[in-house]
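K.L.:
Sequence unavailable; structure follows:
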């Protein structure tokens, strides 16, 4: 005797299509598009959504979390340095202090908790979707993204001539990682920011502070965060430690809310990460600093 509710194939398909495309239609114009659902992007989307910002989170893979599932060398343990553990405390994720200010936590647990937090806060998540380009508004500011199904990019152009669609937004947060860094590279290619090269070699003593400090509005309408910051400004790589990506995502969200006029809770951590922030285009100034 069957125990599951009676249904049909068509009813299942309609349910998925109806819900998804109704939501998609609502977010064709939104406050913020976050590109990249790794640690920085997820935290940024979570912080924005919980403060009532209409945010779309775009991820080219079919899974969310980026490199969070493995801490390094295939080991499913994540290292987080103080004060990056703020997100672990906020989401009540248990961790162990291995040495002063250096914490270890189960990596898949962190990924699952942060993904759930972003979704529950109200971020609209669109995966298997690649950002192909940026929208420039009439003021020549970034005003959205151009997206397409990511499998289209994996097939020969001759058989995948599929035009993308555009999403309009007030701000874009770029968190596509150090290898991709597709947003800042596109800005560089069209001459809107400095020439992008690559990140520097590893130095964990400097890298995490550098990434948080240089999280900024790299071009009007576009905030860069996470490891895309390291590629954007030639900063050191940090290896398998994740606190800076969490803090960079939070800082990106705070910068976005300042631009949007949205008030967020004032905390000591917020004051710490925003201390050296600038809302203006910092590309030239920071690039000169890195070269020096």
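P.N.:
Arrived safely, thanks for sending. Owing to the predicted nature of the structure, the values given are computational and were not obtained by experimental measurement.
K.L.:
Please count neighbours and contacts with C-alpha atoms only from this point.
P.N.:
Fine.
K.L.:
Could you list everything residue 131 pairs with in the sheet?
P.N.:
Using DSSP bridges, the bridge partners assigned to residue 131 are residue 147.
K.L.:
in this protein, which helix or strand is least confident?
P.N.:
Across the helices and strands of the chain, mean confidence by mean pLDDT, DSSP states H and E is lowest for helix 283-291: a mean of 42.
K.L.:
what's downstream of the strand or helix carrying residue 256, the next helix or strand?
P.N.:
Using DSSP states H and E, residue 256 sits in helix 243-260. Per DSSP H and E, the first helix or strand lying C-terminal to helix 243-260 is helix 268-274.
K.L.:
Flag every buried residue along that following helix.
P.N.:
273, 274 (16 or more other CA atoms under 10 Å).
K.L.:
on contacts alone, who are the packing partners of it?
P.N.:
helix 243-260 (3 or more CA pairs under 8 Å, 6 or more residues apart in numbering; DSSP states H and E).
K.L.:
Check which helices and strands the helix it packs on sits against.
P.N.:
helix 39-50, strand 77-81, helix 204-214, strand 216-219, strand 222-224, helix 268-274.
K.L.:
How about the contacts made by residue 174?
P.N.:
34, 35, 36, 41, 181, 183, 184, 222, 223, 224, 225, 228 (CA atoms under 8 Å, 6 or more residues apart in numbering).
K.L.:
Try it again at 10 Å.
P.N.:
33-36, 40-41, 181-184, 217-218, 222-229, 249, 252 (CA atoms under 10 Å, 6 or more residues apart in numbering).
K.L.:
buried subset of those residues?
P.N.:
Looking at the contacts of residue 174 with 16+ other CA under 10 Å, the buried ones turn out to be 33-36, 40-41, 181-184, 217-218, 222-229, 249, 252.
K.L.:
Name the residue most distant from the centre of this structure?
P.N.:
Largest separation from the mean C-alpha position in the chain: residue 1, at 47.7 Å (CA atoms, centre = their mean).
K.L.:
Could you measure from that residue over to residue 261?
P.N.:
58 Å (CA to CA, to the nearest Å).
K.L.:
ranges for the strands of the stretch 1-150 of the chain?
P.N.:
With strands called from DSSP state E, counting those that start in this stretch, the stretch 1-150 of the chain shows them at 29-35, 55-58, 77-81, 96-99, 102-106, 124-126, 129-136, 142-149.
K.L.:
and the third one, which residues are buried?
P.N.:
Applying a neighbour-count criterion of 16+ other CA under 10 Å, the buried positions in strand 77-81 are 77, 78, 79, 80, 81.
K.L.:
Excluding residues flanking it in the chain, which one is nearest the most centrally placed residue in the chain?
P.N.:
Centroid check for the chain by CA atoms, centre = their mean gives residue 41 as the closest residue, at 1.9 Å. Excluding the flanking residues, the one nearest residue 41 by CA to CA, 6 or more residues apart in numbering is residue 175, at 5.5 Å.
K.L.:
number of nearby residues for that neighbour?
P.N.:
A count of nearby residues for residue 175, using other CA atoms under 10 Å, gives 34.
K.L.:
Cross-check the contact I'm expecting between it and residue 181.
P.N.:
Yes. The pair residue 175 and residue 181 qualifies as a contact (CA atoms under 10 Å) at a distance of 7.5 Å.
K.L.:
Common neighbours of the two, please.
P.N.:
Common neighbours of residue 175 and residue 181 (CA under 10 Å, 6+ apart) are 36, 224, 226, 227, 228, 229.
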